[in-house]
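Peer 1: when you get a sec, could you give me coordinates for this:
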Amino acid sequence: QVQLVESGGGLVQAGDSLRLSCAASGGYVSTYTMGWFRQTPGKEREFVAGITWNGGRTDIADAVKGRFTISKDTTKTIVYLQMDSLKPEDTAAYYCALRWRLDVTIPIMANEYTYWGQGTQVTVSS
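Peer 2: Residues are numbered from 1 along each chain as shown. Got it, this is the predicted structure:
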């Protein structure tokens, strides 16, 4: 059974930075895509960023482009979301997701991912 564990969330001020991490364990397929989504109460889960298994392809949502960066460990199934210049509207629960696919483009719909982490809260105060 695949497990995804996120870490790195917290309470920060506008303009600060945070780095989220997501470590995957259990099960193994050589090709996969991992993504970051975020969700606020009453809203659907929103795509933030995604990366393929070898880091060859990435995608960043327009809302965070230029401020957020996704990367992965080259030897382990760990994905990072570097969040700079945080804004109060970035406040949300952030979730890591994984799907076992060889993707040409990064899927941006939550229902395209199979495994999910428990989420980590990011709160940005103004």
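Peer 1: which strand or helix spans the residue sitting nearest the centre point of the chain?
Peer 2: The residue lying closest to the centre of the chain (CA atoms, centre = their mean) is Trp36, at 2.0 Å. Here Trp36, judged by DSSP states H and E, is contained in strand 33-39.
Peer 1: what's that strand packed up against?
Peer 2: strand 18-25, strand 46-52, strand 78-83, strand 92-99 (3 or more CB pairs under 8 Å, 6 or more residues apart in numbering; DSSP states H and E). Any C-beta I mention is one placed from the backbone N, CA and C, and that applies to glycine too.
Peer 1: just give the closest residue to the residue nearest to the centre of the chain, not the sequence neighbours.
Peer 2: Excluding the flanking residues, the one nearest Trp36 by CB to CB, 6 or more residues apart in numbering is Val48, at 4.3 Å.
Peer 1: residue ranges with poor pLDDT in the protein?
Peer 2: Residue ranges of the chain with pLDDT under 70: 29.
Peer 1: hmm, back to that, could you list every residue that touches the residue nearest to the centre of the chain?
Peer 2: 20, 22, 47-50, 70, 79, 81, 94-97 (CB atoms under 8 Å, 6 or more residues apart in numbering).
Peer 1: verify the contact between Gly15 and Asp90 for me.
Peer 2: No. The criterion here is CB atoms under 8 Å, and Gly15 misses it with Asp90 at 11.1 Å.
Peer 1: the more surrounded of the two?
Peer 2: The residue with more neighbours, out of Gly15 and Asp90, is Asp90; 21 against 11, by other CB atoms under 10 Å.
Peer 1: my read is that that one contacts Val64, right?
Peer 2: Yes. Counting by CB under 8 Å, Asp90 does reach Val64; the two are 7.3 Å apart.
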